[in-house]
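**Q** sequence first, predicted model second:
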Amino acid sequence: MASDKTNVMRVLEQHKIAYTAHEYPHGKEAVDGVTVARLLGQQVERVFKTLVARGRSGGYHVFVIPVAKELDLKKAAKAAGEKSVELVHVRELLGLTGYVRGGCSPVGMKKAFPTVFDKSADSLPTIIVSAGKIGYQIECASADLIGLVRAKTAPITTD
């Protein structure tokens, strides 16, 4: 159990959403998601990363995909109703979301952006996402997480 409660955990508790906190050993730098899954002893398909993109319209969108997969920008744009999307630069992340790279969660961002989870989340009973801080992850029912952030699901990863 994580000793420090993150903002993400507080938001889940406010909404009475059950979750399990996971902690992994970490330094100051983010490690890739596949390494996080290994450190947690979890199947890589169940651990998701949160990506932020800017649409051609100028609006921002959040995409949540399995850590071992790549975001398909064409599919992501289609799911977001944009002509095209491009990932925001890592230095824009903190100001935009309140989170740093490696600690970005779809829950509790500074502003609620339209969010799309990869379709694979639908078939998993629980998924694991960042708890908003490097070294901390939360696991909860994918349907609860998707409902909380008012997301939709779509196939948004490369094949």
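**A** Yep, that arrived.

**Q** residue contacts, Phe63?
**A** Thr50, Leu51, Val52, Ala53, Leu71, Ala76, Thr115, Val116, Phe117, Asp118, Ile156 (Cβ atoms under 8 Å, 6 or more residues apart in numbering). The C-beta positions use only the backbone N, C-alpha and C, and glycine is treated the same way.

**Q** now for those residues: which two are most distant?
**A** Using Cβ to Cβ, the two most remote members of the contacts of Phe63 are Val52 and Asp118, lying 15.0 Å apart.

**Q** torsion angles phi and psi at the most centrally placed residue in the chain?
**A** Residue closest to the mean C-alpha point of the chain, counted by Cα atoms, centre = their mean, is Thr50 at 2.9 Å. The phi/psi pair for Thr50 (degrees, to the nearest 10) reads phi -110, psi 120.

**Q** hey, where'd the strands end up in this structure?
**A** 20-23, 48-55, 60-66, 85-87, 115-118, 126-133, 136-141, 152-154 (DSSP state E).

**Q** would you turn the ones you listed into a markdown table with mean pLDDT and distance to Val34?
**A** Formatted as a markdown table, the strands of the chain follow (pLDDT from 0 to 100; distance: least, Cβ to Cβ, whole Å):
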| stretch | mean pLDDT | distance to Val34 |
| --- | --- | --- |
| strand 20-23 | 96 | 15 |
| strand 48-55 | 97 | 10 |
| strand 60-66 | 98 | 10 |
| strand 85-87 | 97 | 18 |
| strand 115-118 | 98 | 15 |
| strand 126-133 | 96 | 13 |
| strand 136-141 | 96 | 13 |
| strand 152-154 | 98 | 22 |
